[in-house]
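A.B. asks: need coordinates for the following:
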Amino acid sequence: MLITLSLTLLLMSLVGGDVYLHNPRGSNNRLNERSANRNNANRVFDSQNNNRGGYNVGDKTNNAFNNEDGQFRMTYFQSGPYGWDSSNKEDKSGRSFLTLEWTNQHGCGGDADSDPHKQNCQVVLQYMCQDHDDRSATGSDDTLRNGRNTQTQNYNSANNLRETRSQANQRKNNNVDSNRAIHEPWQWYDKCYNRERNAGLFTADQLPRKNKFQYSAAIHTRQNPNGNRRGYECPEERDYYPYWHPTPWRDIAILTDNTTMCSYYRRESANTVAKHECVEFYNQAKTQKKHWSRWNNQQDCEDNGGEWRAYYSYLEKAPTVTQADCQGVGRSGLQYVWGYPEGEDSDAETCLVLPPEPDCQPAPWTRSNHLGNGREGQASNYTWVLPYFPSGNTKRCVLRIRYNISTDDYDPWQTDAAYNQNLQMGLLSPVQQNPTVDIGAEYSPLRLAINTAQFGRTFQDRSHVFLLKPRPSGLEGRAVHNLNVRGKRGNIVQVYPAVEYDFVPNHLHMEEGDLVHIQWEGSNSHNNGNPAGDGQAGDAGEGTTGTDRNNIVQMRSLLENFPTPFENSTMWNSARVWWPAAPKYALAKDLAVAFASSGYYTCFHAEICHSESVERKNKLDKLLNNAPASFEGALLEFRKGTYHYMCTRNNNFTNRSQKGTIHVAEGTKSSFTDNDLP
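C.D. replies: Sure thing, here's the model as predicted:
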C-alpha cells in the first residue's frame, strides 16, 4: 500500500552543501584521529560532509584518552522549573541559554518574495537524552557514548521474519560493541531494516533496492537507494522531516526561509503530536511485544494481525501517578499525558512529560558557496533554551543539526511517487541524471551536473555526548548563560572546514543577577596530519603539537594584547562562585589562578587545596602543555561592569585572535554583597 504524504516532506526535495557544528563541537564522525581526515565517515551517522570537518572528543587531562572514562563531557545546567515555558521570550527567569554555532556551505535564509536566495533551505535542530549513570562511562548496549575506536557498530539482520525474542536478543548481544559509539539504539536500525519504506515518496529516476526479505525497506531512500548503513541511524528518518513514525529525536527548532510553514512544522512535530507505528507480538497471547514490524500503515498493519498504536516522544516518565492525575499542564508549565512511550520495549502506558512545541523562525542568512559568517559578520547561530527535567536527574545527551536544501525545479510539496520514473509506463521523472539540454546550436547539446540522489539533499552534523545537569539548589529562577570555546589547533587553512579558536559567544550581554557557566573542552590529538584529503596538513600554533589548550585572563581593552596583572584586575574580584561548592575557589586569587591555568591549579595557598595549590604542585608550563585540555570551569555571578579577557596561548596577533567580553548591565535580581565575593 502506498502512503502519500506530500505535505509531510520538508526534506523530500532537499543540492550539495556541507554543514559543520562548531558549538557545541560537532564530530562530523570524528573521534580522536590525528589526521586531518576522519577515519570512518560511517561511524555513527550519515553527514554527507567533507572528510576534513569536525572536532575530536575532549580529553580530561593533558594526555589523549585510552577509554571512555578518559573523555571529557561538557556539562550544562538545565533550565529551572519555571524557565521552560518559552511563550514570553523577554523573560529570562529560570532559563539556561546555550549558543549553537554552525557554518553551512550552500547558503540559507532570506525570503522567497522579498529577499530571494539561490535555493530553498531549512535547518532542523534536535536532541536526544537519557538518564546518566555516572558509575559507568560506557553503560549498557543502549547507552549514549562516543566509543574508544572509530569502527562502526555491527549489524546482522534476522535469518527470517519469524525469529523469536531470544533470537533477536542474541543478535543484539552479538552486534553491539561497548568500544564503539552509540547514538540511536540497535533496535532503531533493526526496526528500520525490517519496515517497508514509504512507497509514496518521490524517488525521481533512482531505484531503491530491496532488503534480504525482498522488499524495499526504510533503509532505502532516494538519497540512499543502496541501503548503506551508518551507525544505527535510519536513513528514511534522517532524510525526511517531520517524520511520520515515532523517533528518538526531540525537536528544538526549525529555521526556514519560508516562515508561512511554521504552524505546520509545530503541528506535525513529534513534540506536539503522537506518531503511529505497527505493533506485533512474538506470541499468540500478545504478551511479548516485538520492537519491529514490516507494516508501515494502519491497513496493512491490521490486515496482518498487528495493532496500529500511537507513541509519544517525551522528556521523561513522570513519577507514578494514576491516569486520572496525569492530564494537562503541571505547575512548571510542562504538559503531561498518559500514553505509550516511544522507544520502550515494555507494553504499558504510563504518565509522560512532553517536550514543548519546537521554535520556528527565519533561518540565518548565509551566501552560497561559502562556509563562513552571515550578513552581520557572525556565524550562523541559535540560542537554545535548555530543557528542564522535573525528575532532577542528570541526562546524557547528543545534539543533531540537519541542513536541507532544494530548488524549485519541481514542487517539493506536491511531487510524490506519482512522478517517479517508470519507463514501462512511459513516465519520466521531472529531473534526470546528468541530462543534456538543447541551447539552439544544432548537434551541440550541453550536459547539466545533476545527481538525482542529491538534487534535494540533507547534510548533518552531531555533537559528542554531553550532560545536562540539575541546577544547584536556590538558583531555580536565575538566568544561566553558557560561555564556551570553539575551534581547534592549526591555522585557518589547516583546520578548514573547522575553525580556529574563539570564545562563544565572544560578546556576552548579561544583567546583574544572571549567571554564567564558563567551561571548555579540548583534545590532545588534533595534529591535523596526513591523510589531509583535499586540504593542507599541519597544526600551526603554540605548545605541544596536536594539543588544544585554552585559558582566561583579564585584559584592560580588546585593542590590547597584554593581560592585566591580578593586582589591577576587576573581573575575579567582582565574581561570586555558585558552583562548584566551597571551599573550591574561596578567594578571588584562586578563581583567577584556576582560569589562567585551565584548572591545573585549584587554588593559590596549600592550606586551601593542598597538592593542587600553586605552592605545592609542580610548576605550570608557560604554554599550558601540562594543563588539562578541558576545564569544567565555574558557575559565576558578576557585578555590573564590562570585563574583557583573552587566552594567553592562542591569542597571536596577526595570526589569530582569541578575546572576549562580558557586559553586565544593571538588573533587579542581584542579591550578593561584598561578603559573598571570593
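A.B. asks: how about stretch 465-484: buried residues?
C.D. replies: 465-471, 475-484 (16 or more other Cβ atoms under 10 Å). C-beta: built from backbone N, CA, C; applies to glycine.
A.B. asks: and stretch 578-593, by the same measure?
C.D. replies: For stretch 578-593, a neighbour-count test (16+ other Cβ under 10 Å) marks 578-579, 584-593 as buried.
A.B. asks: with stretch 268-284 instead?
C.D. replies: Neighbour-count burial for stretch 268-284 [16+ other Cβ under 10 Å]: 268-272, 274-282.
A.B. asks: how near is Ala532 to Val493?
C.D. replies: The gap separating Ala532 from Val493 is 10 Å, by Cβ to Cβ, to the nearest Å.
A.B. asks: out of these two, which sits in the more crowded spot?
C.D. replies: Using other Cβ atoms under 10 Å as the criterion, Ala532 and Val493 rank with Ala532 on top: 16 against 10.
A.B. asks: surely the more buried one is in contact with Arg38?
C.D. replies: No: the pair Ala532 / Arg38 is not scored as a contact, 11.4 Å apart, by Cβ atoms under 8 Å.
A.B. asks: show me the buried residues of stretch 465-484 that map onto strands.
C.D. replies: The members of the buried residues of stretch 465-484 that map onto strands under DSSP state E are 466-469, 480-484.
A.B. asks: Ser574 reaches Gly641, doesn't it?
C.D. replies: Yes: here Ser574 lies in contact with Gly641, judged by Cβ under 8 Å, at a distance of 6.1 Å.
A.B. asks: the two: which is more packed in?
C.D. replies: Ser574 (18 against 13).
A.B. asks: tell me how far that one lies from Ile608.
C.D. replies: Taking Cβ to Cβ, one finds Ser574 at 21 Å from Ile608.
A.B. asks: how far off centre is the helix-or-strand element of the chain with minimal mean pLDDT?
C.D. replies: Here the helix or strand of the chain ranked lowest by mean pLDDT, DSSP states H and E is strand 328-329, holding a mean of 77. Between the mean C-alpha location of strand 328-329 and the chain-wide mean there is a distance of 29 Å, by Cα atoms, centre = their mean, to the nearest Å.
A.B. asks: residues touching it, excluding its own?
C.D. replies: With contacts defined as Cβ atoms under 8 Å, 6 or more residues apart in numbering, strand 328-329 is touched by 335-336.
A.B. asks: how about the helices in the protein?
C.D. replies: 165-175, 186-194, 235-239, 262-268, 298-303, 492-495, 588-596, 606-609 (DSSP state H).
A.B. asks: now the first one: mean pLDDT?
C.D. replies: The one in question is helix 165-175. On average, the pLDDT along helix 165-175 is 97.
A.B. asks: other SSEs contacting it?
C.D. replies: helix 186-194 (3 or more Cβ pairs under 8 Å, 6 or more residues apart in numbering; DSSP states H and E).
A.B. asks: what bridges to Leu21?
C.D. replies: In this entry, Leu21 is beta-bridged to Trp102, by DSSP bridges.
A.B. asks: now the residue positioned nearest the centre of the chain: closest residue in space, sequence neighbours ignored.
C.D. replies: For the chain, the residue nearest the mean C-alpha position is Leu399 (1.9 Å; Cα atoms, centre = their mean). Excluding its sequence neighbours, the residue lying closest to Leu399 (Cβ to Cβ, 6 or more residues apart in numbering) is Ser463, at 4.1 Å.
A.B. asks: I'd like to know how far that neighbour sits from Gly227.
C.D. replies: Distance of Ser463 to Gly227, given as Cβ to Cβ: 27 Å.
A.B. asks: one more: Gly513?
C.D. replies: 54 Å.
A.B. asks: likewise Ser444?
C.D. replies: From Ser444 over to Gly227 the distance is 39 Å, taken as Cβ to Cβ.
A.B. asks: the two: which is more packed in?
C.D. replies: Shown here are Ser444 and Gly227; by other Cβ under 10 Å, Gly227 has more neighbours (19 against 9).
A.B. asks: so what's the more buried one up against?
C.D. replies: Going by Cβ under 8 Å, 6+ apart, Gly227 touches 208-209, 211, 217, 219-220, 235.
A.B. asks: show the buried residues in these.
C.D. replies: Neighbour-count burial (16+ other Cβ under 10 Å) applied to those gives 208, 211, 217, 219-220, 235.
A.B. asks: what about Pro563, how many residues close to it?
C.D. replies: Considering only other Cβ under 10 Å, Pro563 is surrounded by 21 other residues.
A.B. asks: I'd say it and Met646 touch.
C.D. replies: Yes: between Pro563 and Met646 there is a contact under Cβ under 8 Å: 6.4 Å.
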